[in-house]
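> Can you look at this prediction? I've put the sequence above it.
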Amino acid sequence: MSFRSVVEELSAEPLEERLAAATGHDVERALRQEHVSPGDFLSLLSPAAGGGYLESMAARAHDLTLRHFGRTVSLFTPLYVSNHCANHCRYCGFAAKNHIGRSMLTLDEVRAEGEAIARTGLKQILLLTGEAPHKAGVEYLAECARILRPLFPSIAVEVFPMKTEDYRRLIQIGVDGLTVFQETYDPVLYADLHPAGPKRDYAFRLDTPQRAAEAGMRIVNIGALLGLADWRREIYLTGMHADWLLKRYPDVDVAVSLPRMRPHAGSFQPSCVVSDRDLVQAMTALRIFLPRLSVTISTREAPDFRDNILPLGVTRMSAGVSTAVGGHAKPGDTGQFEISDGRSVDEVCRMLRARGYQPVFKDWEPLEATA
């Protein structure tokens, strides 16, 4: 079974009408439930919930986060090794049509980049590329992971969707996590936003988290790019996708990111503005619906906003970020998008401790790589 069938069923439902019809009574009933149903989740995402219940939702989300995660926040940073891309995504700075400098790190440069990050104390990284498997393919990524493994006990990848056997290959080297954004769960809009390139295959991308979980990934992080479509519908489908994964792969740490559109190389503008209040509603609704869900907030968000939403469900944060290839060891190239929070790892740690949180650099001990 695939989540595709669930998306098809949900897409046939009048979600917009159900959201608009939700009342304050529906929201209050949802907040009273010990176990929130998908219908309750929809009520928590409704305009009615956003109109007068955000404080109640924030208090419930805070309590659930403390119960399941304590006052800890895991820190990581992205490591961009290539910005070559075969896709023509209308909203991305790495899109093939954009005239930016293209580069791919040599293995020596990968090592230098990893060492620069390791000096900050971080133990978790997210290895990123554009989607160009003919340039930065499975074997290149495996070599990168082999070099970085002695420096970082946790290596995740955000690259092109792979087959199950390819994920198994990376897991053997020491990769333990995957991030993959569906971008939008609307197949018609998806086709318009991805006019050419391998990413155009909506179904293959949608099944990527399932293939990674079946391969044995410890962490699977999903999400929609907020700003491409109506955020309420996108968050509802993201939450349902996470719920589907949690039920089928209970040994996997399922996570959700909430990325909002940021300026980038190119002229694409968001079609849907997602306000700070909207993002708070999305995060708290997800936490109440899925109390065990990990929630990631990136440096796309401004420092003050990231600091203030900590109690509402955040369990992972990026720090000391560069979105340029080799940007930690040698800053200067064009990044995938502009970041809003440029604080160093030390600065983020000081902020967390000042607010009573413990920054976590390492929370597990991996088995030795077998290949």
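Yep, that arrived.
> could you pull out the strands for the stretch 251-371 of the chain?
Using DSSP state E, counting those that start in this stretch, the strands assigned to the stretch 251-371 of the chain run over residues 253-257, 294-297, 316-318, 358-360.
> For the longest one, what is the distance to the chain centroid?
Taking Cα atoms, centre = their mean, to the nearest Å, the mean C-alpha location of strand 253-257 is offset from the chain mean by 7 Å.
> Kindly report the same for stretch 275-295.
For stretch 275-295, the distance to the chain centre is 13 Å (Cα atoms, centre = their mean).
> Likewise for stretch 69-82?
Centroid displacement of stretch 69-82 relative to its chain, using Cα atoms, centre = their mean, is 11 Å.
> So for Thr65, which of the strands of the stretch 251-371 of the chain sits nearest?
Of all the strands of the stretch 251-371 of the chain, strand 294-297 sits nearest to Thr65, with 8.3 Å by Cβ to Cβ. The way it works is simple: take the backbone N, C-alpha and C, and place the C-beta from them, glycine included.
> can I get the CA coordinates of stretch 161-177 in PDB?
The C-alpha trace of stretch 161-177 is given here as PDB (Å, rounded to 0.1, in the frame of the first residue of the first chain):
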ATOM      1  CA  PRO A 161      14.600  10.600  -4.500                       C
ATOM      2  CA  MET A 162      16.200   7.200  -4.700                       C
ATOM      3  CA  LYS A 163      15.200   3.600  -5.000                       C
ATOM      4  CA  THR A 164      15.100   1.500  -1.800                       C
ATOM      5  CA  GLU A 165      18.300  -0.300  -2.600                       C
ATOM      6  CA  ASP A 166      20.100   3.000  -3.000                       C
ATOM      7  CA  TYR A 167      19.000   4.100   0.500                       C
ATOM      8  CA  ARG A 168      20.200   0.800   1.800                       C
ATOM      9  CA  ARG A 169      23.600   1.400   0.200                       C
ATOM     10  CA  LEU A 170      23.900   4.800   2.000                       C
ATOM     11  CA  ILE A 171      22.700   3.400   5.300                       C
ATOM     12  CA  GLN A 172      25.500   0.800   5.100                       C
ATOM     13  CA  ILE A 173      28.000   3.700   4.900                       C
ATOM     14  CA  GLY A 174      26.500   5.500   7.900                       C
ATOM     15  CA  VAL A 175      23.600   7.700   6.600                       C
ATOM     16  CA  ASP A 176      20.700   7.500   9.100                       C
ATOM     17  CA  GLY A 177      18.300  10.200   8.000                       C
END
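> which strand is the longest one in the protein?
Criterion DSSP state E: the longest strand present in the chain is strand 72-82.
> pLDDT of the following helix or strand past it, averaged?
Note on strand 72-82: by DSSP states H and E, the next helix or strand toward the C-terminus is helix 107-118. What helix 107-118 shows for mean pLDDT is 97.
> contacts for helix 107-118?
Helix 107-118 has contacts (Cβ atoms under 8 Å, 6 or more residues apart in numbering) with 77, 79, 81, 105, 125, 143-144, 147-148, 151-152, 320, 326, 328-329.
> Only the buried subset of the residues you listed, as a PyMOL command please.
Burial among these is assessed by 16 or more other Cβ atoms under 10 Å; the matching PyMOL selection reads:
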select buried, resi 77+79+81+105+125+144+147+148+151+152+320+326+328+329
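> now for the contacts of helix 107-118, which pair is the farthest apart?
Glu143 and Gly320 (24.2 Å).
> Can I get the strands of the stretch 251-371 of the chain in TSV including mean neighbour count, mean pLDDT and distance to Arg60?
Shown next, in TSV, are the strands of the stretch 251-371 of the chain (neighbours: other Cβ atoms under 10 Å; pLDDT from 0 to 100; distance: least, Cβ to Cβ, whole Å):
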stretch	mean neighbour count	mean pLDDT	distance to Arg60
strand 253-257	22	98	17
strand 294-297	23	96	14
strand 316-318	24	96	20
strand 358-360	17	97	23
